[in-house]
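> Whatever this is, show me its structure:
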Amino acid sequence: MTFLTRFKLSTMMFLEFFIWGGWFVNLGTFLIKNFKSSGTEVGTAYLTQSIGAIVAPFIIGLIADKFFSAQKILGVLHLIGGALLWRASMSADFASFYPNILLYMILYMPTLALVNSVAFRQMKNPSKEFPPIRVLGTVGWIFAGFLVSWLSWDKLGGEEALVNTFKMSGTASIILGLLSFALPATPPVKKGQKVTIGEVLGLDAISLLKNKSYLLFFISSVAICIPLAFYYGFANVFLQDAGVKGSTITQSLGQVSETLFMLCIPFFFVRLGVKKMLGIGMFAWALRYVLFAYGNGEANYWMLLIGIVLHGICYDFFFVTGQIYTDNLAGERFKSSAQGFITLATYGVGMLIGSLISGKVYDAYTTGDVHNWQSIWLIPAGIAGVVLVLFLLLFKDKNHTETQPGVDTQDAEVIL
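Below is the predicted model of the structure:
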């Protein structure tokens with residue numbers, strides 16, 4: 001890979017996650033403080049992410065794998081998305097805000113698979129080449145959080161300034177939309193080929209589920225994202241309740257941790273294998289919520305910090321490992337569809353269920369302005385613990401064949 005290609009891909013990743021991190025972290029706080037939204041409404045707002053993720057594999061399978069270059073689709077989606085974020089920033093209440101953010105997330109979530117597809121298509125060995133480029137996405141998320149706190153948009157009592165986060169992200173989206181047309185060409189891999197209806201919809205990636213190990217991974221991905229929804233929806237609200245100043249940049253310590261662990265993935269991937277890495281990631285989720293349940297902004301502030309820093313293990317060991325695992329198994333036949341398919345499992349179905357449950361749990365343990373955070377956090381901790389135990393017990397594949405990047409390995413198993 002040339003330096004110019006690496007630079008373009010790194011910039012793409014930086015902006016992709018700068019956009020998301022710029023407004024998404026504070027969404028729950030923004031809704032509760034500005035619109036006096038209930039936990040159920042917050043969950044409904046975060047549900048838009050799941051709706052977008054469910055639509056994503058259909059868009060990717062229909063367009064990116066069949067008809068148009070991925071980088072061009074990426075550009076169009078981000079240009080429209082930038083305009084929608086600006087419209088959302090001008091909303092007067094939840095009812096007017098929700099349609100804008102719903103349509104935006106339907107357009108944004110497919111871009112997560114598109115940037116992966118554009119990047120993977122330029123690589124010969126994704127397990128080694130992908131992490132150093134993907135880590136720039138984490139840096140983008142961190143930088144967005146730094147700006148929000150540095151500009152005091154998340155200052156306690158100054159929640160009205162959070163509207164600026166949507167304008168900032170909208171501007172960045174337009175910039176990435178324009179830059180996307182200069183990204184490396186990523187033409188459709190099946191252009192001109194005869195395809196079935198299922199393939200046109202991106203459902204050809206379902207064949208990955210014939211692999212028993214991947215089926216278990218898929219089910220675990222859905223289940224572990226239920227507790228993930230609690231973190232996305234209410235962690236920032238929790239930190240503000242605990243009296244944490246600069247809650248957004250404090251929460252970004254999780255992305256700093258993610259950056260460090262991302263760079264270590266090639267080392268761990270070879271030595272630990274998929275099963276152990278996924279298991280460690282699940283354990284970190286359970287531990288983090290226990291720390292949140294018993295932590296506070298005073299004597300046990302260290303628990304909050306450790307819980308936040310654990311994000312690096314939570315995300316990298318599960319999601320990034322899962323993306324690499326999926327890419328290895330998919331081969332060249334349907335790389336874009338496969339990435340969209342795993343997005344469907346995690347940010348789609350799992351987060352959809354989690355968003356519905358987390359909002360109701362938040363409301364159930366809230367009386368007036370008082371929240372029983374210990375009970376709220378112990379519920380996702382329990383869910384993550386159950387998923388971990390079942391995964392370790394059921395993921396028993398004995399085939400230790402390691403897949404090689406770029407080889408069609410639909411029926412092979414990666415080293416476990």
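> Please, which helix or strand holds the residue lying closest to residue 252 once chain neighbours are set aside?
Closest residue to residue 252 apart from its sequence neighbours, by Cβ to Cβ, 6 or more residues apart in numbering: residue 145 at 3.5 Å. C-beta: built from backbone N, CA, C; applies to glycine. In this structure, residue 145 sits in helix 126-150 according to DSSP states H and E.
> Which strands or helices does that helix pack on?
Under the contact definition 3 or more Cβ pairs under 8 Å, 6 or more residues apart in numbering; DSSP states H and E, helix 126-150 sits against helix 3-24, helix 94-120, helix 163-179, helix 247-251, helix 253-294, helix 321-330.
> Let's have those helices in TSV, adding mean pLDDT, distance to residue 310 and mean neighbour count.
Shown next, in TSV, are these (pLDDT from 0 to 100; distance: least, Cβ to Cβ, whole Å; neighbours: other Cβ atoms under 10 Å):
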stretch	mean pLDDT	distance to residue 310	mean neighbour count
helix 3-24	94	18	21
helix 94-120	91	22	23
helix 163-179	96	25	20
helix 247-251	86	12	24
helix 253-294	87	4	20
helix 321-330	78	16	24
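> Which one, of those helices, ends up nearest to residue 391?
helix 253-294 (6.3 Å; Cβ to Cβ).
> when you compare where the following helix or strand past the closest one runs with where helix 253-294 runs, what's the angle?
Using DSSP H and E, the helix or strand that follows helix 253-294 in sequence is helix 301-309. Following axes from the mean of the first three to the mean of the last three Cα atoms, to 10 degrees, one obtains 130 degrees for the angle between helix 301-309 and helix 253-294.
> list the buried ones in the helix holding residue 145?
In terms of neighbour count (16 or more other Cβ atoms under 10 Å), helix 126-150 has its buried residues at 126-127, 129-131, 133-149.
> returning to that earlier point: would a markdown table of the helices and strands packed on helix 126-150 with distance to residue 343 be doable?
Conversion of the helices and strands packed on helix 126-150 to a markdown table gives the following (distance: least, Cβ to Cβ, whole Å):
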| stretch | distance to residue 343 |
| --- | --- |
| helix 3-24 | 13 |
| helix 94-120 | 5 |
| helix 163-179 | 18 |
| helix 247-251 | 23 |
| helix 253-294 | 17 |
| helix 321-330 | 9 |
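> Need the nearest residue in space to residue 75, chain neighbours excluded.
residue 180 (3.4 Å).
> isn't the one you found right next to residue 72, touching?
Yes: judged on Cβ atoms under 8 Å, residue 180 makes contact with residue 72 at a distance of 7.2 Å.
> which one of these two has more residues nearby?
With other Cβ atoms under 10 Å as the criterion, residue 180 and residue 72 differ in neighbour count, and residue 180 comes out ahead with 27 against 18.
> Quick one: closest of the helices and strands packed on helix 126-150 to residue 56.
helix 94-120 (4.2 Å).
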